[in-house]
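Asker: Test case, fold it:
(chains A and B)
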Amino acid sequence: MQIRISDDALAVACGADAVAERFAGLGHEVARVSSWGMHWLEPLVEIEGRGYGPVAAGDVEAILNGRGEHLAIGTVAEHPFIAAQTRLTFARAGRTRSLSLEDYAATGGWAGLARAREIGPEAVVAEVTASGLRGRGGAGFPAGIKWSTVAQAADDRKYIVCNADEGDSGTFADRMVMEGDPFMLIEGMAIAGLAVGAGKGFVYIRSEYPHAIRKMEAAVRLAAATVAPFKIEVRVGAGAYVCGEETSLLNSLEGKRGEVRAKPPLPAHEGLFGCPTVINNVLTLAAVPFVLAEGAQAYAGYGRGRSRGTMPIQLAGNIRHGGLYETGFGVTLGELVNGIGGGTASGRPVRAVQVGGPLGAYFPPALFDTPFDYEAFTAVDGLIGHGGVTVFDDSVDMAAQARFAFEFCAAESCGKCTPCRIGAVRGRETIEAVIRGEAGASNLALVADLCDTMKFGSLCALGGFTPYPVMSAITHFPEDFDRRGTLAAE
Amino acid sequence: MAGLNDILAAHEGREGPLLPILRDVQSAFGFVSEDAIRAIALHLNLSRAEVSGVVSFYHDFRRTPDPRPALKLCRAESCQARGSEALAAEAQRMAGARVRVETVYCLGLCSVGPNAMIGEDVHARLDGAKVAALIGAL
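Answerer: Residues are numbered from 1 along each chain as shown, chains lettered A, B, ... in the order given. Modelled structure (predicted):
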């Protein structure tokens, strides 16, 4: 009997180890696999393809004795949440053991790298460019253009840097790739190295992800011979959100304070240790093996407008069916939250949805017809960022959320530029005055002015995008800022 | 436990070795002392100010020891949406002076919060009773 239970950190945090131990204690062999990404069902137990979840250790004997039907979800691969997705990057999720080279090779692994070696660097860059793949870290910059800039540089030393400093609340897709399918990321990095002529790559992982760090380190050792002569080294952050910003990350890798660098020079010209550097997010590099193995058109065939391919969307916060939902661009926010996500976990009405992490805008249900793509979100003063969708029910206080946005920016600011360093603190103080009911209208005007300065005067997205959550909260939820009910009259 | 010289030797020849060294020092000793900063600076041919500046920049590094066990509670937006703020106040009351309750912004378990981390162990779907059990076991 084949029993499969995920060893993803989320499943483990929900008690998967105790469940696996109980099965093992009763004499059953358990394969620890990656997570399907149906988080409300974790720990999910799969027996001969049939799923049970969420399972506690105390349920194990009942399941084995055929009395676990109240936990049964049918065939896992046919579950509506999975069947409706277009899984390219997460094609192996739930299906393979993450550190098994055998499983990886048996599911199409290394086919992209083999083709890249066959067609050569220039054709690889052309393929990535033609796929329309854009940076999945948030900025959405075309990966092919970045790659070709580095490829054209004449330097002997070049680097590939994988940005795995996934600090946005509401996002976990990078973590799931590193824990669930680390060889795919390694393959993507090796292809990038071949394409631009870089001999070494770094994966910079945040310290809050100990499971991902262990898996990546093990996977890098196991795959060393396959990707040789390309070398990969795993580096661990030290608890600084701003190091997710690419130039700050490069400084951190060099052993410096994670302060943002002014651009130009772009990292593609002068990046790590002053050398031309491709720095891409985990999801960007993880999409590359598919693009190479299946061809640019297979990838570009998904999506809409200038947003090509698929986006691994992460449904989080107060949501009933939270988890990883990969789909072509174009699905609406309302479908994601109310349809696929099933509304709130608390059962109360959805009031606000923050898309794109702590620097993303809050959307009211009135904007739920917005399609998920880079340009459509920009058009409504938002961003899709790294694809995190955090749901709040009607108990949320949006003035408190605006205050938190400033507080977070103040705590995580690198201090390099004034709008961010000072603006975040003054913004928090001013929102606090509004919350106390002091001079609401004039203080809100001050906040709007401050946000303008931060948006256009900050060096990076931390100061530059903090205005998104703040101003969207004020714009879409003005009643929460009217603490004395007098703003309309002022 | 590795001594400082062992740590410095282990990172010999690495590109950009300061952060890996500091991480190992923090993990071995629980903090980064003035003496350690002096020795690292000398070893890497940096000024003490440069090393101090890096130590003070990152949240993971402590300048002073704190032997208390720590519970890291996530208080980022996704956990807020699932009740982490009320839980944080409760956890602080339960912890008293014996346990350090730290704030962490995101453990990447955003669909099953509120979440916490103790050492490298992660815990999800927390409520008052579960936090009380975690703190009690520390």
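Asker: Contact partners for whatever residue of chain B ends up closest to chain A?
Answerer: Residue of chain B nearest chain A, by CB to the nearest CB: B:S111 (2.6 Å). Where you see a C-beta, it was placed from the backbone N, CA and C, and this is true even at glycine. For B:S111, the contact set (CB atoms under 8 Å, 6 or more residues apart in numbering or on different chains) comprises A:L10, A:H39, A:W40, A:F172, A:Q314, A:L315, A:A316, A:G317, A:I319, A:G322, A:G323, B:S78.
Asker: secondary structure element for it?
Answerer: Assigned by DSSP states H and E, B:S111 falls within no helix or strand.
Asker: ok, back up a step: which of the contacts of B:S111 are buried, as a ChimeraX select command?
Answerer: Filtering the contacts of B:S111 down to the buried ones (16 or more other CB atoms under 10 Å in any protein chain shown) takes a single ChimeraX command:
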select /A:10,39,40,172,314,315,316,317,319,322,323 /B:78
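Asker: Which members of the contacts of B:S111 are positioned in helices?
Answerer: Those of the contacts of B:S111 mapping onto helices are A:L10, B:S78, per DSSP state H.
Asker: Assign a three-state SS to the residue most central in space within chain B, would you?
Answerer: In chain B, the centroid-proximal residue (CA atoms, centre = their mean) is B:D60; its distance is 4.4 Å. The local conformation at B:D60, judged by DSSP: H, G, I helix; E, B strand; the rest coil, is coil.
Asker: mind checking how far A:E429 is from A:G330?
Answerer: Distance, A:E429 to A:G330, using CB to CB, to the nearest Å: 41 Å.
Asker: Could you do A:V220 as well?
Answerer: Here the criterion is CB to CB. By it, A:V220 lies 35 Å from A:G330.
Asker: which of A:E429 and A:G330 has more neighbours?
Answerer: A:G330 (16 against 13; other CB atoms under 10 Å in any protein chain shown).
Asker: With A:V227 as the reference, measure out to the nearest residue to that one once chain neighbours are set aside.
Answerer: On the basis of CB to CB, 6 or more residues apart in numbering or on different chains, the spatially nearest residue to A:G330 that is not a chain neighbour turns out to be A:R304, at 4.1 Å. Note on A:R304: its distance to A:V227, by CB to CB, is 34 Å.
Asker: Among the two, which residue is more densely surrounded?
Answerer: A:V227 (21 against 15).
Asker: State the distance from A:P289 to A:C414.
Answerer: For A:P289, the distance to A:C414 - CB to CB - is 33 Å.
Asker: Looking at the two now, which is surrounded by more residues?
Answerer: The residue with more neighbours, out of A:P289 and A:C414, is A:P289; 28 against 24, by other CB under 10 Å.
Asker: Is the more buried one in a helix, a strand, or coil?
Answerer: helix.
Asker: which stretch of helix or strand covers the residue lying closest to it once chain neighbours are set aside?
Answerer: Using CB to CB, 6+ apart and skipping the chain neighbours, the partner closest in space to A:P289 is A:G112 (3.4 Å). Assigned by DSSP H and E, A:G112 belongs to helix A:111-119.
Asker: residues making contact with that helix?
Answerer: A:124, A:127, A:187-188, A:190-191, A:194-195, A:226-227, A:288-293.
Asker: Most neighbours of all the residues you listed, which one?
Answerer: Ranked by neighbour count (other CB under 10 Å), the contacts of helix A:111-119 have A:V288 at the top, with 31 neighbours.
Asker: Give the full set of residues in contact with the residue nearest to A:V227 when sequence neighbours are not counted.
Answerer: What sits nearest to A:V227 in space, not counting adjacent residues and going by CB to CB, 6+ apart, is A:A190, at 4.0 Å. A:A190 makes contact with A:L113, A:G201, A:T226, A:V227, A:F230, A:I232, according to CB under 8 Å, 6+ apart.
Asker: returning to that earlier point: got the angle between whatever helix or strand comes next after the helix holding A:G112 and helix A:111-119?
Answerer: Beyond helix A:111-119 in the direction of the C-terminus, DSSP H and E gives the next helix or strand as helix A:121-131. Relative orientation of helix A:121-131 versus helix A:111-119 (axes from the mean of the first three to the mean of the last three CA atoms, to 10 degrees): 130 degrees.
Asker: Keeping just the C-alphas, turn whichever helix or strand comes after helix A:121-131 into PDB.
Answerer: Following helix A:121-131 in sequence order, the next helix or strand is helix A:143-152 (DSSP H and E). Extracted C-alpha coordinates of helix A:143-152, given in PDB (Å, rounded to 0.1, in the frame of the first residue of the first chain):
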ATOM      1  CA  ALA A 143      13.700  38.000 -18.200                       C
ATOM      2  CA  GLY A 144      15.100  37.600 -21.800                       C
ATOM      3  CA  ILE A 145      16.200  41.300 -21.900                       C
ATOM      4  CA  LYS A 146      18.000  40.900 -18.500                       C
ATOM      5  CA  TRP A 147      19.700  37.700 -19.800                       C
ATOM      6  CA  SER A 148      20.800  39.200 -23.100                       C
ATOM      7  CA  THR A 149      22.300  42.200 -21.400                       C
ATOM      8  CA  VAL A 150      24.500  39.900 -19.300                       C
ATOM      9  CA  ALA A 151      25.200  37.600 -22.200                       C
ATOM     10  CA  GLN A 152      26.600  40.500 -24.200                       C
END
